[in-house]
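>>> following is a predicted model, sequence given first.
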Number of protein chains: 2
Amino acid sequence: MARPRSFDRDHVLHAAERQFRTSGYNGTSVDDISAATGLGRGSLYGAFDGKHGVLLEAMSGYFARLAQGPRKMLDGPDEGALERLHAYLLRAVHGVPLAADVPPASDRAGAACFAAKMALEIGASDPEVKRLASECFSVVRAAVAECVRAAQRNGDIDPDADPDDLAYLLLTIIRGSDVVGAYGHSPDRLTSIAESAFALLPRPRHH
Amino acid sequence: MARPRSFDRDHVLHAAERQFRTSGYNGTSVDDISAATGLGRGSLYGAFDGKHGVLLEAMSGYFARLAQGPRKMLDGPDEGALERLHAYLLRAVHGVPLAADVPPASDRAGAACFAAKMALEIGASDPEVKRLASECFSVVRAAVAECVRAAQRNGDIDPDADPDDLAYLLLTIIRGSDVVGAYGHSPDRLTSIAESAFALLPRPRHH
DNA sequence: ACACTTCTTGACAAGCCAGTACAGAACTGC
DNA sequence: GCAGTTCTGTACTGGCTTGTCAAGAAGTGT
């Protein structure tokens, strides 16, 4: 029995995320968010709780989206696990797509992990941002570890290797490609990094 | 024939770097720099050129320091090259020390690559910062690649492996440990990541 | 059709920030 | 000791930023 919101919450959060991504947290003003989303100041403070609230909700939305990606690409039967890991790695080094778009190769910096970027900028003084970023990393790491275990069950990865160690290493490579890839290196180089990492995975010793 | 400066330039730049590291570029005001360095506004604008000038000079100083690290640890005869690479990797994942201090394990986030952090925050709109960061990456990558080549000459790494590919991969892991290590993971985990990466390096096939 | 609730818009005030200007201090060289 | 030059500290200004407030618009349910 009241006036409904005239904007799509997710759409607004996407626009805000894009703005935070390009200008950083401290680099974007409320007016910037207002311009990017089309919302007035009052609406922003009513629906969210100002700049910081927008960030937190945008990061939560990002987390929900991010969590789905690896699971959809990595979960599955043991048989194709290694191939799924391969495909995921190749895609992950090129960044996380903002929405359903394809990751644009021309703007690798803009496709860097949103959580990582925010955590690096303000995580030291913002425990909530820090926690959200940790969760983002954990969900990827867990999915990768599970896929490694599946590949081990299928005899494609050395069963003596610690799947958690490998998952940490792969996560580190993926995050590293955000910063290495963003500045000065071509998409081809990123692909080559992913291929090198994949080729180095410990294969089972031949009987 | 004039009054000399009463402060040590490098000392000031170190303090400014520390401030930029903890608060980010947009998160630190000129007054913050003033408080951190002890210099007044006038001196800051006279010696450097305001906030941006301080950042650029701090990054240049960082670059000079950074460039020395890998060279001192990695350059040398072919014989110990693999061991030197091992030692460097183990140290690099724990961050870059600010000065001659030991890298404090309790503040891995603060020991992240200064250039990478600044580039991620403002590199998209600041070509000079972007360029300085790229140079930082290049100097590390070149030193690592040279060490890989030395290890190959000594028969410790598969001669068929592309040393540049490996160097890119190792650089990516080192940069990734900045963000992965900073949030939620213990120093032991970082060591384990470095050991895993080292163990996966392609060894020469036995004759 | 009406009353009620919520949303939206624009404006406002208090505070912060970067950069400048000016006055005084300190040091050098003669 | 003095003139000249540079450094140092502080006050000031114009602009930007954040968060709030009040007035009007837009639906909802009866």
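Now that the structure is in, tell me what you want to look at. Residues are numbered from 1 along each chain as shown, chains lettered A, B, ... in the order given.

>>> does residue A:88 belong to a helix, a strand or coil?
Look at residue A:88: counting by DSSP: H, G, I helix; E, B strand; the rest coil, its state is helix.

>>> spatially, and excluding backbone neighbours, which residue is closest to it.
residue A:73 (4.6 Å; C-beta to C-beta, 6 or more residues apart in numbering or on different chains). From N, CA and C alone the C-beta is placed, and that goes for glycine too.

>>> report the contact partners of that neighbour.
A:84, A:87, A:88, A:91 (C-beta atoms under 8 Å, 6 or more residues apart in numbering or on different chains).

>>> name the residues of stretch A:66-84 that are buried.
Going by neighbour count (16 or more other C-beta atoms under 10 Å in any protein chain shown), the buried part of stretch A:66-84 is A:66, A:67, A:69, A:70, A:71, A:73, A:74, A:80, A:81, A:82, A:84.

>>> could you give the number of residues near the residue nearest to the fourth one when sequence neighbours are not counted?
Excluding its sequence neighbours, the residue lying closest to residue A:70 (C-beta to C-beta, 6+ apart) is residue A:143, at 3.8 Å. The local packing count at residue A:143 equals 21, with neighbours defined by other C-beta atoms under 10 Å in any protein chain shown.

>>> repeat for residue A:173
28.

>>> which parts of the longest helix belonging to chain A are buried?
As assigned by DSSP state H, the longest helix anywhere in chain A is helix A:127-153. Buried residues in helix A:127-153, counted by 16+ other C-beta under 10 Å: A:129-130, A:132-137, A:139-152.

>>> can you map out the strands along chain A?
Taking DSSP state E, chain A contains no strands at all.

>>> hmm, back to that, contact partners for the residue nearest to residue A:70?
A:70, A:71, A:74, A:75 are the contacts of residue A:143 under C-beta under 8 Å, 6+ apart.

>>> can you add distance to DNA strand C and pLDDT and give these back as CSV?
Putting the contacts of residue A:143 into CSV (distance: C-beta to the nearest atom of the strand, whole Å; pLDDT from 0 to 100) gives the following:
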residue, distance to DNA strand C, pLDDT
A:70, 34, 89
A:71, 33, 90
A:74, 38, 94
A:75, 37, 94
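
>>> can you give the contact residues for stretch A:89-99?
With C-beta under 8 Å, 6+ apart, stretch A:89-99 has contacts from A:14, A:17-18, A:21, A:66, A:69-70, A:73, A:103, A:105, A:108, A:110-114, A:170, A:173-174, A:177-178, A:181, A:187, A:190-191, A:193-195, A:197-198.

>>> in CSV, list the C-alpha atoms belonging to stretch A:119-135.
Backbone C-alpha positions of stretch A:119-135 (Å, rounded to 0.1, in the frame of the first residue of the first chain) are rendered in CSV as follows:
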residue,chain,number,x,y,z
ALA,A,119,40.0,-5.0,-0.6
LEU,A,120,43.3,-3.7,-1.8
GLU,A,121,42.2,-0.2,-1.7
ILE,A,122,40.3,0.0,1.6
GLY,A,123,40.3,-3.5,3.1
ALA,A,124,43.0,-2.5,5.6
SER,A,125,40.6,-0.1,7.3
ASP,A,126,37.3,-1.8,6.5
PRO,A,127,36.7,-5.2,8.0
GLU,A,128,33.5,-5.8,6.2
VAL,A,129,35.1,-5.3,2.8
LYS,A,130,38.0,-7.5,3.9
ARG,A,131,35.6,-10.2,5.0
LEU,A,132,33.6,-10.1,1.7
ALA,A,133,36.8,-10.4,-0.3
SER,A,134,38.0,-13.4,1.7
GLU,A,135,34.7,-15.0,1.0
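
>>> contacts only, for the residue of chain A found nearest DNA strand C.
For chain A, the residue closest to DNA strand C is residue A:42, as judged by C-beta to the nearest atom of the strand, at 2.2 Å. Residues near residue A:42 by C-beta under 8 Å, 6+ apart: none.

>>> cool, residue A:23 as well?
Counting by C-beta under 8 Å, 6+ apart, residue A:23 makes contact with A:32, B:125.

>>> cool, and residue A:32?
A:19, A:23.

>>> what about residue A:43, neighbour count?
Neighbours around residue A:43, by other C-beta under 10 Å: 16.

>>> distance check, it against DNA strand D.
To DNA strand D, residue A:43 is 9 Å away according to C-beta to the nearest atom of the strand, to the nearest Å.

>>> okay, now the spatially closest residue to that residue that is not a sequence neighbour: neighbour count?
Among residues not flanking residue A:43 along the chain, residue A:7 sits closest, at 7.4 Å (C-beta to C-beta, 6+ apart). Other residues lying near residue A:7 total 13 when counted by other C-beta under 10 Å.

>>> what residues are up against residue A:7?
Taking C-beta under 8 Å, 6+ apart as the contact definition, residue A:7 lies against A:37, A:38, A:39, A:43.

>>> how about those residues in a markdown table, adding pLDDT and distance to residue B:118?
Shown next, in a markdown table, are the contacts of residue A:7 (pLDDT from 0 to 100; distance: C-beta to C-beta, whole Å):
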| residue | pLDDT | distance to residue B:118 |
| --- | --- | --- |
| A:37 | 93 | 28 |
| A:38 | 91 | 31 |
| A:39 | 92 | 31 |
| A:43 | 92 | 34 |
